[in-house]
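**Student:** Predicted model follows, preceded by the sequence.
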Amino acid sequence: MTAPYLRVTWVDEVTGVPGYLVVDRLRRGVASGGVRMRAGCTPEEVADLARVMSLKEAIAFRPGDRYRPFGGAKGGIDLDPAHPEARGVLKRYFLAMRPLLEHHWATGEDLGVRQATIDGLMAELGMRSSVDAALVHVPDGADAGLRRLAGAFAVTVGEISLGDLAGGYGVARAVVRALRHDGARVAGARAVIQGFGSMGGATARYLARHGLRVVGITDADGLVVNPDGLDVETMLRARTLYGGIDRDRLAPGDRELDGAAWVGVDADVLVTAAVSYAVHEGNHGLVRARYVAEAANASVTPGAEAALARRGVAVLPDFVVNSAANAWWWWTLFGDVEPTAASAFARIDETMDGLVDRMMGTAASGRTPLREAAVAVARANGAALGDAPGDEVPALAEEREP
């Protein structure tokens, strides 16, 4: 297996908390990928996610765009984001990583870390943004690109910022396109969302707006279900900062269950929008859905995915279905979309429809698994980008740790 370009292990001098950075690949000297914070985060997890980012970057390539994809990277800190020292640990982590942030690593929010927190810390460290490493490549200059990003992040749709909606909007569009590609029903199809943060919440909103019934949503405290469909908009209005569901605002027909029960809810679609490795060798047999959509990176283990495929369950891979959040950042910074919701959503619609059709068409024509077909698309894009030795998109065997 090809080794990552760079692995960094850091230990906070104040708390002893460890943090990691893995740069999987560089393109034009830059790698892109967010930083997450969760108790139990491991270097192996971060390496898995960095490989996914290399694929996610390549999958977004479209000839003629101002933006040309970068390589993949990921940062991770082994700490509960609710810990009172979390902000201080994150600041010291960024300070240690500053040389890479200035020249090679463009980052943003991920699990347990909010973009607003990152932006505040970048200002305290005297940096312009968390994507400083990419700014030299913006055709009309860093100032113009950052103005577009600031304008886009100021946009709200239904009281939620566009930055918190783009990723989940893309997941929902990908799910709907997959259903339509297979000739399955969309209106009335049932969905369960594991996680109610920015990705899970936006996915729930836009699946509901496409006519699906969201029959289950989880947060850190458990699962809420209603076979007739949950009131997603009311739940979003009462959602806490870290994706908590306000139990005092539940409707009369809503029921609370143990959080682990989400995987076995009778539904057409399961959306994993919380942690990595959520569907694994110990619980994949409980899945009753026809589709599992990886809104969270590396959320289905390879062994579980293979077992699901043998039962006819399609896993829609992370680096395709959740790629809109990452791509939207770059489209906006580089000027491929306007800093408006209409421009962003139109581009996401077009991109997701094309990617899902291409992935599912490639899988059907070659009788190959969806992930293998999607990797083939990413590798073809990498070849079109003119990857130099060392820049190549990972092959399938390299893409996920067993």
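**Tutor:** Done, it's in.

**Student:** Give the full set of residues in contact with the nearest residue to G229 once chain neighbours are set aside.
**Tutor:** Spatial nearest neighbour of G229, excluding adjacent residues (CB to CB, 6 or more residues apart in numbering): R213 at 3.8 Å. Every C-beta, even on glycine, is put in place using the N, C-alpha and C of the backbone. R213 makes contact with G188, A189, R190, A191, D228, G229, according to CB atoms under 8 Å, 6 or more residues apart in numbering.

**Student:** With adjacent residues omitted, what lies nearest to the fifth one?
**Tutor:** When the adjacent residues along the chain are set aside, D228 lies closest to G253, with 6.0 Å between them (CB to CB, 6+ apart).

**Student:** Is it possible to mark the buried ones in the contacts of R213?
**Tutor:** Using 16 or more other CB atoms under 10 Å as the burial test, the contacts of R213 include A189, R190, A191, G229 as buried.

**Student:** The first one touches L212, doesn't it?
**Tutor:** Yes. Using CB atoms under 8 Å, A189 and L212 qualify as a contacting pair, with a distance of 4.8 Å.

**Student:** Overlap in contacts, those two.
**Tutor:** Common contact partners of A189 and L212 (CB under 8 Å, 6+ apart): D268, V269.

**Student:** which residues touch G264?
**Tutor:** Shown in contact with G264 (CB under 8 Å, 6+ apart): L286, V287, R288.

**Student:** should've said A267
**Tutor:** A267 touches R190, A191, V192, V215, G216, R288, A289, counting by CB under 8 Å, 6+ apart.

**Student:** of all the buried ones among the contacts of R213, which comes closest to A324?
**Tutor:** Of all the buried ones among the contacts of R213, A191 has the smallest distance to A324: 17.5 Å, by CB to CB.

**Student:** Tell me how far that closest one lies from F345.
**Tutor:** Distance from A191 to F345, counting by CB to CB, to the nearest Å: 20 Å.

**Student:** Over to L100?
**Tutor:** From L100 to F345 the distance is 33 Å (CB to CB).

**Student:** sorry, back to before: could you export the contacts of G264 as a markdown table, including pLDDT, secondary structure and distance to V8?
**Tutor:** Converted to a markdown table, the contacts of G264 look like this (pLDDT from 0 to 100; DSSP: H, G, I helix; E, B strand; the rest coil; distance: CB to CB, whole Å):
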| residue | pLDDT | secondary structure | distance to V8 |
| --- | --- | --- | --- |
| L286 | 98 | helix | 38 |
| V287 | 98 | coil | 36 |
| R288 | 97 | coil | 41 |
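
**Student:** Filter the residues you listed down to the buried ones.
**Tutor:** Here, 16+ other CB under 10 Å leaves V287 buried among these.

**Student:** Spatially central residue in this structure, please.
**Tutor:** Most central in the chain under CA atoms, centre = their mean is N322, positioned 4.5 Å from the mean C-alpha point.

**Student:** partners of the helix or strand encompassing L270, with directions?
**Tutor:** Using DSSP states H and E, L270 falls within strand 269-272. When pairs are called by DSSP bridges, strand 269-272 turns out to pair with strand 190-194 (parallel), strand 291-294 (parallel).

**Student:** mean confidence score for the longest one?
**Tutor:** Model confidence over strand 190-194 averages 98 on the pLDDT scale.

**Student:** moving C-terminal of it, what's the next helix or strand?
**Tutor:** Proceeding N to C from strand 190-194, the next assigned helix or strand is helix 198-209, under DSSP H and E.

**Student:** buried stuff in that next one?
**Tutor:** S198, M199, G200, G201, A202, T203, A204, R205, Y206, L207, A208.

**Student:** how about those in CSV, adding distance to W329?
**Tutor:** Conversion of the buried residues of helix 198-209 to CSV gives the following (distance: CB to CB, whole Å):
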residue, distance to W329
S198, 13
M199, 14
G200, 19
G201, 19
A202, 15
T203, 18
A204, 22
R205, 20
Y206, 19
L207, 23
A208, 25
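
**Student:** Would you point out the most distant pair within the contacts of A267?
**Tutor:** Checked with CB to CB, these reach their widest spread between A191 and R288, with 12.6 Å between them.

**Student:** number of nearby residues for D231?
**Tutor:** For D231, the neighbour count with other CB atoms under 10 Å is 16.

**Student:** where's it relative to R237, distance?
**Tutor:** 10 Å.

**Student:** same thing with R205?
**Tutor:** Applying CB to CB, the value for R205 to R237 is 11 Å.

**Student:** which among the contacts of G264 gets closest to A166?
**Tutor:** Taking CB to CB as the measure, A166 lies nearest V287 of the contacts of G264, at 27.6 Å.

**Student:** Now for W328, how many residues are close by?
**Tutor:** The tally of other residues near W328 (other CB under 10 Å) stands at 27.

**Student:** contacting residues around it?
**Tutor:** Counted by CB under 8 Å, 6+ apart, W328 has contacts A152, A166, G167, G170, V337, A344, R347, I348.

**Student:** Pop the domain breakdown of this protein in here.
**Tutor:** Following automatic domain parsing, the chain resolves into domains at 1-134+377-402, 161-321.

**Student:** Pick out the shakiest of these, pLDDT-wise.
**Tutor:** Across these, domain 1-134+377-402 gives the lowest mean pLDDT, at a mean of 90.

**Student:** does G76 really touch D48, like I thought?
**Tutor:** No. With contacts counted by CB under 8 Å, G76 stays clear of D48, the gap being 10.2 Å.

**Student:** Fine, thanks again, bye for now.
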